[in-house]
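A.B. asks: fold the following and give me the result.
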Amino acid sequence: DRVGTVRWIGILPRGEVPEEWLGLEWDEVGTGKHNGTFQGTQYFECPKKTGSFVKPGKISKPASLASALIERYQVDNEENIPLSVVDEAGKETQVEFVGAAQVRDHQRNLDHLRAASLIASSISTSGPLPKCPQLSSLLLDKNTFLQWAEIALILAHFPQLQMVSLSGNRLEKLTQSLAVDGSLVQAQRLQTLALNNTLISWAEINLLAKSLPGLVELHIASNRLGDIDTALVPMPLLKTLNCDDNRITSWKVLDTTDKFPKLETLILSKNSLGDDEVSSFSVMAPTVQRLSLTDNKIRDWKTLGWLCSQACSHLVDLKIQRNPVASSPDGDAASNNQSQLVRQIVTALLPALQALNGSEVSARERGNAERYFLSMGKQGHPAVVAVDADSTHKTRLEAIHGEVVVAGSLAENQGCLEASLASVTLWPDAKLIYGNLPVSKRVPISMTIRDLKIMCQRLFKDIPLERIQLSFVEPEAPVATAFPLEDDFREIGYYGVGEGCKINVGDKND
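C.D. replies: Numbering: from 1, shown residues only. Model prediction:
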């Protein structure tokens, strides 16, 4: 079901008989073939690959919400198709669902309707709306509404609505607050509003806010909004703000969270937030616990350090995958290593973090990450130097774990050595060693992957050293997920190997 806007009506110079054509701008780029041009003449303007010329009979006739509700929920479109079952002897018996008629009768009574889904139903007007006293959820995505006045009529007619989605409707510009017969519409009970891909502006959002005093969730993704308007109207009850895919480049978006004193979740994925002028902005509101920065342009470890140390140090849930800082130009294996490094460092920097990139941060993972952070810091790892220039995190973590030693200094402090050991089980997972028993060992978390492979080769013997492939599974993982250990000169602690881990010893040739 493709949705578009009629931009032109007229006669095209094609064919022997003049015919009327419609010039359409499709909502989705790639649906059309041009920008409103035919044989070198511009008939209407639209972005490339969104324009088409179609005959009037090819488009759906506009409907009203009133007629769509009746058609969808009151007209009995169920065919009386006989149902039967066949037993083991091959005998067929006619059956019917007990109570099916009563269920349909109940659904046809709009007095009982609680949720209506009328997605892509060619609705453009409200019409003479029926009474639906219990209607609380209304999905009107991908319809053809143009006038905000129609939306105002709907909200005024159904004051009990709690959730409305208008995503994919290309409404004309809103120039004044929503009103019916000169009176401001107040949707007091509306808590969730979705306006994704409607091309709404920040100024229009300000006008809408005056009619939505109880709004808790606002979804405004894919609207080409650009950087946030610092003059936003406060939304005192808002808890979730989704600004996904909006060409936002400035970290000022974090400064505006004071407009939303109860904001808990801020979604900023698929924007262009990078490394510019990060230190000039203040701390994000402490109420914000969940932040998504997936698919942005963060390249510098210093930016990551600023986010975790100053701007968002109180976060419990962060999504930051697919940023340049978490990838490498040297291929998938190197990118995986870089992504793991980002996870280790971010986990160490955010003491309240409970979930990172959609997966739980366990207490075991946190401890391993914090000890490895100290180990890397002692070796002068550039990433740790960048994110912890003033050693604030080093001081905090040493108060928890004490001094963590690295491989070159293990013999200098036997007490620290004991603290840095982990009991692991080496599990034979290759065809050549299936008959061998698992071996338990206490190993330093600063041991390199190369040294661990050498140990495994000595223990199991039958696999050549160059073919040994290691992976590990955390004991508390909800699903046994193996992580490849491919970088021979990384320490096993880098990957989160710690107390109680199982290390699978495999063969690359299997």
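A.B. asks: check which element follows whichever strand or helix holds residue 441 along the chain.
C.D. replies: Assigned by DSSP states H and E, residue 441 falls within strand 439-444. Stepping forward along the backbone from strand 439-444, the first helix or strand reached (DSSP H and E) is helix 449-460.
A.B. asks: so what does whatever helix or strand comes next after that following helix touch, helix or strand wise?
C.D. replies: Remark: after helix 449-460, the chain's next helix or strand is strand 468-473, criterion DSSP H and E. Counting contacts by 3 or more Cβ pairs under 8 Å, 6 or more residues apart in numbering; DSSP states H and E, strand 468-473 packs against helix 449-460, strand 483-485, strand 502-507. C-betas here are computed from N, CA, C, even on glycine.
A.B. asks: go with 10 Å
C.D. replies: With contacts defined as 3 or more Cβ pairs under 10 Å, 6 or more residues apart in numbering; DSSP states H and E, the packing partners of strand 468-473 are strand 421-428, helix 449-460, strand 483-485, strand 502-507.
A.B. asks: mind putting the ones you listed into CSV with distance to residue 473, mean neighbour count and mean pLDDT?
C.D. replies: Rendered in CSV, the data for the helices and strands packed on strand 468-473 read as follows (distance: least, Cβ to Cβ, whole Å; neighbours: other Cβ atoms under 10 Å; pLDDT from 0 to 100):
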stretch, distance to residue 473, mean neighbour count, mean pLDDT
strand 421-428, 9, 18, 88
helix 449-460, 15, 17, 90
strand 483-485, 8, 17, 57
strand 502-507, 5, 20, 89
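A.B. asks: nearest to residue 154, of the ones you listed?
C.D. replies: Each of the helices and strands packed on strand 468-473 was scored for nearness to residue 154 using Cβ to Cβ, and the closest is strand 483-485 (50.9 Å).
A.B. asks: distance to residue 363 added to the helices and strands packed on strand 468-473, as CSV?
C.D. replies: Formatted as CSV, the helices and strands packed on strand 468-473 follow (distance: least, Cβ to Cβ, whole Å):
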stretch, distance to residue 363
strand 421-428, 14
helix 449-460, 24
strand 483-485, 18
strand 502-507, 18
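A.B. asks: can you give me the strands in the stretch 201-350 of the chain?
C.D. replies: Using DSSP state E, counting those that start in this stretch, the strands assigned to the stretch 201-350 of the chain run over residues 217-219, 240-242, 265-267, 290-292, 317-319.
A.B. asks: using TSV, lay out those strands together with mean pLDDT and distance to residue 509.
C.D. replies: Shown next, in TSV, are those (pLDDT from 0 to 100; distance: least, Cβ to Cβ, whole Å):
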stretch	mean pLDDT	distance to residue 509
strand 217-219	98	50
strand 240-242	97	48
strand 265-267	96	45
strand 290-292	97	41
strand 317-319	97	38
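A.B. asks: endpoint to endpoint, stretch 373-389 covers what distance?
C.D. replies: As for stretch 373-389, its first-to-last residue distance stands at 13 Å under the measure Cα to Cα, to the nearest Å.
A.B. asks: kindly report the same for stretch 285-294.
C.D. replies: Rule used - Cα to Cα; the end-to-end distance of stretch 285-294 is 20 Å.
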